[in-house]
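**Student:** next comes the sequence, and after it the predicted model I'd like to discuss.
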Amino acid sequence: MASYQLSVCAEMVFLELPFNERVKRIHALGFGVEIWGWADKDIDALAATGARFTSMTGYLSGNLTDDAEIEQLLESAEASLAVAGRLNCPVLNLHGTGLDDKGLPVKSVQVVTGAMWLKAADTLRKVAQLGERAGRVFTLENLNLQLDHPGTPFALAADTLALVEAVNSPALKMNLDLYHAQIGEGNLIELIRRCGTAIGEVQVADVPGRHQPGTGEINYRAIAHALQEVGYQGTVAMEGWASGDTTAALQQFRDHFTV
């Protein structure tokens, strides 16, 4: 019996339905629900769906390294915590910098300096303190630079792990996105073992195509066993597109993570 729980990102499946109906459909199939930004959503209506929300974006704007942007990040993180409270959502997700509606960095960075690393760690300590006070966890997601998110600082899983370990707070963990990690780093099972207790969430989709597990090159059944072996007890969320019928795609996802 798996020690982790399965969830599905409502931003990427059942796209023919209004957003709240997507949430209801995912919930009816027995999955938790993830959402991205909350500013354009009816939070009361989402709460009324009865869905179990597992993760949401934990900021509206800002970044980890520029003073004015840090202030925006911290203010919107506090606002996001209030929304998470209304949805009873335990995890709020961050990125190495703010992203636009195409997933590209608002401020592209080609060289990450030592001073930027120190500033990012300091900002994340402040974010973690917000999470500790609210009893919720922020996660820092790795992204791939080659295909989806060029110019994003602190993008590799090795980067997010370094920052999480530097902050050393139970309220800051990694969002280990294995789709991005496969494109950017590979060696996924050893990566899971290295990250261990630093992982606060796992996101999955296959490569190429970013479809459900079982459609590409990643051996997600072996990944499922590796997560069991390290004692992972958090959420495994499908953040990917259905390659065909959505209900069948979600069943395929479930099949690959039933161990």
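**Tutor:** Structure received. Residues are numbered from 1 along each chain as shown.

**Student:** C-alpha only now, for contacts and for neighbours.
**Tutor:** OK.

**Student:** based on its surroundings, how many neighbours for G196?
**Tutor:** Counted with other CA atoms under 10 Å, residues neighbouring G196 total 16.

**Student:** now S108
**Tutor:** 15.

**Student:** name the SS class of the residue nearest to it when sequence neighbours are not counted, please.
**Tutor:** Of all residues not flanking S108 in the chain, G151 sits nearest, at 4.6 Å (CA to CA, 6 or more residues apart in numbering). Following DSSP: H, G, I helix; E, B strand; the rest coil, G151 is assigned to coil.

**Student:** G151 contacts G103, correct?
**Tutor:** No - in this structure G151 lies outside contact range of G103 using CA atoms under 8 Å: 10.6 Å.

**Student:** G85 versus G131, what's the distance?
**Tutor:** 11 Å (CA to CA, to the nearest Å).

**Student:** neighbour-wise, which of these two wins?
**Tutor:** Using other CA under 10 Å, the more surrounded residue of G131 and G85 is G131, with 23 against 13.

**Student:** how about the secondary structure of that one?
**Tutor:** helix.

**Student:** quick check, pLDDT for it.
**Tutor:** For G131, the pLDDT comes out at 98.

**Student:** all strands for the stretch 51-200 of the chain, in order.
**Tutor:** 53-57, 91-94, 137-141, 172-177, 199-204 (DSSP state E, counting those that start in this stretch).

**Student:** let me have those strands in CSV, extended by mean pLDDT and mean neighbour count.
**Tutor:** What follows is these, written out as CSV (pLDDT from 0 to 100; neighbours: other CA atoms under 10 Å):
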stretch, mean pLDDT, mean neighbour count
strand 53-57, 98, 25
strand 91-94, 98, 26
strand 137-141, 98, 28
strand 172-177, 98, 28
strand 199-204, 98, 24
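
**Student:** Serialize these to a markdown table and add fields for distance to L74.
**Tutor:** Below are the strands of the stretch 51-200 of the chain laid out as a markdown table (distance: least, CA to CA, whole Å):
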| stretch | distance to L74 |
| --- | --- |
| strand 53-57 | 13 |
| strand 91-94 | 11 |
| strand 137-141 | 12 |
| strand 172-177 | 14 |
| strand 199-204 | 20 |
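
**Student:** right, so of the ones you listed, which gets closest to N20?
**Tutor:** Set against N20 and scored by CA to CA, the strands of the stretch 51-200 of the chain come closest in strand 53-57, at 12.4 Å.

**Student:** what helices or strands is the closest one leaning on?
**Tutor:** strand 32-34, helix 67-87, strand 91-94 (3 or more CA pairs under 8 Å, 6 or more residues apart in numbering; DSSP states H and E).

**Student:** note down every partner strand of that strand and its orientation.
**Tutor:** Strand pairing for strand 53-57, determined by DSSP bridges: strand 32-34 (parallel), strand 91-94 (parallel).

**Student:** contacts for it?
**Tutor:** Here strand 53-57 makes contact (CA atoms under 8 Å, 6 or more residues apart in numbering) with 7, 32-38, 80, 84, 87-94, 235.

**Student:** any quick PyMOL command for the buried ones out of those residues?
**Tutor:** Typed into PyMOL, the next command selects the buried ones out of these (criterion: 16 or more other CA atoms under 10 Å):
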select buried, resi 7+32+33+34+35+36+38+80+84+87+88+89+90+91+92+93+94+235
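
**Student:** returning to that earlier point: G151 and G103: which is more packed in?
**Tutor:** More crowded of G151 and G103, by other CA under 10 Å: G151, with 19 against 13.

**Student:** report the contact partners of that one.
**Tutor:** Contacts of G151 (CA under 8 Å, 6+ apart): 104-105, 107-110, 145.

**Student:** how far away is it from V109?
**Tutor:** Per CA to CA, G151 is found 5 Å from V109.

**Student:** so what's L46 closest to, chain neighbours aside?
**Tutor:** N20 (6.3 Å).

**Student:** how much space between W36 and E11?
**Tutor:** 7 Å.
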